[in-house]
Each structure stands twice: as C-alpha cells, then as structure tokens.
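> Let me see the structure of the following:
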Amino acid sequence: MIRRRTLLLFAAALAMPSMSDASQPGRITIGAASESGGFPVYGEAFITMMKAVDPTLDFRLVQTREAAESVAMLENGDLDLALVPGEVAQEALGGEGRPGNRLKVVTAVSAMPGMFVVRADSRFHAIAELVGHRIVWNARDSGLARQARAVIDGLGLDPDRDFEAVYTADVGEAAAMVIDGRASALWGAGTRWPGFVKVAMAARGARFVAPDAGEIVCIRQKHAFLLPMTVPAGLYRGQYQPIATVGTWSLMLARAGLQDELGRRLAASLQKAEKTGQLTGHLVQTTARNTLAVVPAQDALQPGVASQYRAAGLIR
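Residues are numbered from 1 along each chain as shown. This is a model prediction of the structure:
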C-alpha cells in the first residue's frame, strides 16, 4: 500500500509543471495586417529584437487581411497582440465609432503621417487639384482608407463622391498604378511606407501632396484625433524638404485578459532594448515616452504595462 501510494505521488509530481515552466507564457501571437505593407515588416523586426532581449518569450506573427480583422481576432481571443493603425485603434479603444471593448495598449508602434504621392512629372501640387481624378485609397476598410476618409471629410469632400475612387489591398499594385499613369495619386501614411518608396524609386520620381496650413486647421477642427505631424526631409528620394501634414500613431493592442505579468515583461523588455540601443530601424519610435504621449488615457494601458511604467517612475 505504501509503495503504491508513493508511486501515485511520484506520477502526479511528474504530471505537474515545474514552477519555472508554469511561469512561462505559451506562444504569443501577434496580428499584422498585410494591407499597409509595413506591419509585417515591423512585426518581424519586433520579434527579432524581443528574442534578443528575452529569449524565453516565444512569438508567432499572424498576417491578417486588414486591421479590422486583427481587432476582431483580438476581441475573440484568437490573437494575443495586434498591430493596429491609429484610426482603427481609436474605435477599438472606445473613441469615434463605437464603445470600447476592453482592448488595451501595449506600446506605440510608429507615427503615421498621411499624404498623397503623385508622379514628379505630374501637374498636381495641391489636394484641390486632385478632385475628380482617379485616386487609390488602399483597401476599402483599411486603416489607411479610414485615415484618408477623415482627412478628406475635414476638407468637406468625400473620397467616393468627389474623386474617382480605386480600392485595392495590394500596395505594390497601388504604387504601380501611379507609376504607369493608371491613377493620378495614391494615399499612404507612415515613414518609409512601401508604396511611397516604390513610387519615389521609379524612373519618373515622386512628389508628395499634403494639406496646407489652413487645411490642417480645418481637418483638426472636425477630427481632433488627427495630430499635426511632420515628415522629415530626405525620407524619400527627391524629397528635399520636410512635409507638414496630419496623422495618427499606430499602436500594439492586447486582447482582454492578457496576463498582467506578460504585459509587464513586454514593457520591461522594450525599456531594456531602448536603453541598450536595440530599438533601431522600424522600431525606433516604439518607446515608453511615445506611448505615454499618444495613449488616450493611462487606464487604456495594459495593466502589466502600467505596472512596469510605475515601477520605472514614468507614471504614478
């Protein structure tokens, strides 16, 4: 009897995970919509950096069709994290469009200044000159199209009514349409956005068309979540001057119920990467300072992230 009891206890001990194993999260899924062309690239860079800082974390990048799908998968618990454009994040966090759904912010990803790109040999220099012409707005329900819709609405215009609208989820095809003259302009956003790079590197080059100072005032009067932003000079071939425009910040959101300890570890790893100079390239804007500057409110932070920020003395 004693021997049997000992064997049962031994078997139960083998079946139980060790404390160290139990404390480790499973594979962490990150949704990256392919619609913008930039999120999958950022996601790969983020995972590579995280593996260098905390090798015990295991990530898997999941490419979704568009940001709205990423948010829906977060809401359903099918993703742990997702890269989401500012306009879509605004809605998901309870801003314009619908009530909040308990998704939380892990970190700022990057600024998304929006503007049009046209061929350098075209006659277009202002938004008003594009009215009535064929414009590519990206995928219809994408974050880029939503941003464009808000900007154009702030000017009293409508993308479908006042332009010949084209919608496509293929960034490469969208850029090609401008390069070969099938479209007059393409709306895009971000720094070193792939669509802008492709047009700028083509033989005829690129010119960028953004709202002027008066138009920025009008846009922000109607849509205050669109922030004044500047595209630094020299970001694209032939772009010799900084460009003032408006835009939003893309964010990494977490599903409701993500373990607070995991949120804390993500924030701590990002802070360590920043201190050791590992936030380079696509990750350079993924900082705690930027996150606190653009998050709607402190209670929008994932609780574990907020805990780490408090421990670091960044918030109270």
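
> Give me the buried positions along stretch 254-262.
Neighbour counts over stretch 254-262 (16 or more other CB atoms under 10 Å) mark Ala254, Arg255, Leu258, Leu262 as buried. Just so you know, the C-beta spots here come from the backbone N, C-alpha and C atoms, and that holds for glycine as well.

> Return the subset of those lying in helices.
Per DSSP state H, helices hold the following members of the buried residues of stretch 254-262: Leu262.

> Going by distance to Asn290, which of the buried residues of stretch 254-262 wins?
Comparing the buried residues of stretch 254-262 against Asn290 with CB to CB places Ala254 closest, at 17.1 Å.

> so what's that closest one bridging to?
With DSSP bridges as the criterion, Ala254 is bridged to Leu81, Lys104.

> Who are the contact partners of it?
By CB atoms under 8 Å, 6 or more residues apart in numbering, Ala254 lies in contact with Leu74, Asp80, Leu81, Leu103, Lys104, Val105, Val106, Gly263, Gln302.

> Hmm, His131 is touching Arg161, no?
Check again: residue 131 is Val, not His. No: using CB atoms under 8 Å, Val131 is not in contact with Arg161, being 10.1 Å away.

> Between these two, tell me which one has more neighbours.
More crowded of Val131 and Arg161, by other CB atoms under 10 Å: Val131, with 13 against 8.

> Give me the helices and strands touching the secondary structure element (helix or strand) that Glu91 belongs to, please.
Glu91 belongs to helix 86-92 when assigned by DSSP states H and E. In terms of contacts (3 or more CB pairs under 8 Å, 6 or more residues apart in numbering; DSSP states H and E), helix 86-92 is packed against helix 67-75, helix 143-154, strand 243-254.

> Please repeat the previous calculation with a cut-off of 6 Å.
Helix 86-92 makes packing contacts with helix 143-154, strand 243-254 when contacts are defined by 3 or more CB pairs under 6 Å, 6 or more residues apart in numbering; DSSP states H and E.

> where does this structure dip in pLDDT?
Along the chain, segments meeting pLDDT under 70 span 1-25, 35-37, 95-101.

> okay, now the domains of this protein?
Domain segmentation of the chain under automatic domain parsing yields 26-111+250-311, 112-247.

> For the stretch 151-300 of the chain, just list every one of the strands.
Secondary structure of the stretch 151-300 of the chain (DSSP state E, counting those that start in this stretch): strands at 164-166, 185-189, 206-209, 227-231, 243-254.

> Tell me which of these is the most buried.
With neighbours taken as mean count of other CB atoms under 10 Å, these reach their highest mean count in strand 185-189, at a mean of 29.

> roughly how far is that one from the heart of the chain?
Distance of strand 185-189 from its chain centroid, counting by CA atoms, centre = their mean, to the nearest Å, is 16 Å.

> count of neighbours near the residue lying closest to Ile135 once chain neighbours are set aside?
Distance criterion CB to CB, 6 or more residues apart in numbering; nearest residue to Ile135, sequence neighbours excluded, is Phe163 at 4.6 Å. Phe163 has 22 neighbours, counted by other CB under 10 Å.

> Renumber starting at 36 from here on
OK, 36 is where the count begins now, so the last one is Phe198.

> What is the end-to-end distance of stretch 330-341?
12 Å (CA to CA, to the nearest Å).

> what do you get for stretch 317-324?
The first residue of stretch 317-324 is 17 Å away from its last residue (CA to CA).

> Okay, buried residues for that stretch please.
The neighbour-count check on stretch 317-324 (16+ other CB under 10 Å) flags His317, Leu318, Gln320, Thr321, Thr322, Ala323 as buried.

> which residues touch that stretch?
With CB atoms under 6 Å, 6 or more residues apart in numbering as the test, stretch 317-324 has contacts from Tyr77, Ala80, Met84, Thr142, Val144, Ser145, Glu309, Leu314, Leu349.

> Show the contacting residues for the last one.
If a contact means CB under 6 Å, 6+ apart, then Leu349 has Ala323 as its contacts.

> how close does it sit to Met85?
Distance, Leu349 to Met85, by CB to CB, to the nearest Å: 20 Å.

> tell me the helices in the protein, going along the chain?
Using DSSP H, helices in the chain cover 37-50, 54-57, 74-88, 102-110, 121-127, 178-189, 206-214, 229-236, 248-257, 295-310, 323-329, 338-346.

> if you compare these, which one is most tucked away?
helix 121-127 (a mean of 26).

> Arg95 is in contact with Ile63, isn't it?
No: using CB atoms under 6 Å as the test, Arg95 is too far from Ile63 to be in contact (7.2 Å).

> ok, those two, which is more surrounded?
Neighbour tally, Arg95 and Ile63, criterion other CB under 10 Å: the higher count belongs to Ile63, 18 against 12.
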